[in-house]
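> model this:
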Amino acid sequence: MLMFDMKVHDPRDLNGRTVFDMLSKTFSKFETELIRLRAMEGNARRKAAGGFTGRMKPSASTG
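Numbers count the residues shown, from 1 in each chain. Model (predicted):
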């Protein structure tokens, strides 16, 4: 149970589920953005070092 403004939100009732749902979606979006930013930073470092080639192009023999 979480406490906000000295109220305890029970995850079994409607208000508690709503609070937990909002928190979970917020943290999920935050983590997704962190992963995206870290990937972009890694790509920038590899590009600066000359090792970034981007997505591999499919070969003519495939497909």
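
> Now do the buried residues in stretch 17-35.
Neighbour-count burial for stretch 17-35, with 16 or more other C-beta atoms under 10 Å as criterion, is recorded at Val19. C-beta here means a position set from N, CA and C on the backbone, and glycine is covered the same way.

> for it, the distance to its chain's centre please.
9 Å (C-alpha atoms, centre = their mean, to the nearest Å).

> The closest residue to Asp10 other than its chain neighbours: helix or strand, and which one exactly?
In this structure, Asp10 finds its nearest non-sequential neighbour in Gly16, 4.4 Å apart by C-beta to C-beta, 6 or more residues apart in numbering. Assigned by DSSP states H and E, Gly16 belongs to helix 14-48.

> Which elements pack onto that helix?
strand 2-4, strand 7-9 (3 or more C-beta pairs under 8 Å, 6 or more residues apart in numbering; DSSP states H and E).

> and it, average pLDDT?
In this model, helix 14-48 has a mean pLDDT of 92.

> Confidence-wise, which of the helices and strands packed on helix 14-48 is weakest overall?
When those are ranked by mean pLDDT, strand 2-4 comes last with a mean of 56.

> Go ahead and confirm Arg17 touches Ser24.
No. Arg17 is beyond contact range of Ser24, at 10.3 Å (criterion: C-beta atoms under 8 Å).

> what sits in contact with each of the two?
Common neighbours of Arg17 and Ser24, counting by C-beta atoms under 8 Å, 6 or more residues apart in numbering, are absent.

> contacting residues around Asp13?
So Asp13 contacts nothing (C-beta under 8 Å, 6+ apart).

> for it, phi and psi?
For Asp13, the backbone dihedrals (degrees, to the nearest 10) come out as phi -100, psi 170.

> center of the protein, which residue is that?
Thr32 (1.0 Å; C-alpha atoms, centre = their mean).

> Give me the distance between that residue and Arg46.
Separation of Thr32 from Arg46 (C-beta to C-beta, to the nearest Å) stands at 21 Å.

> Likewise for Asp13?
50 Å.

> phi, psi of Arg12?
Note on Arg12: its backbone torsions stand at phi -90, psi -10 [degrees, to the nearest 10].
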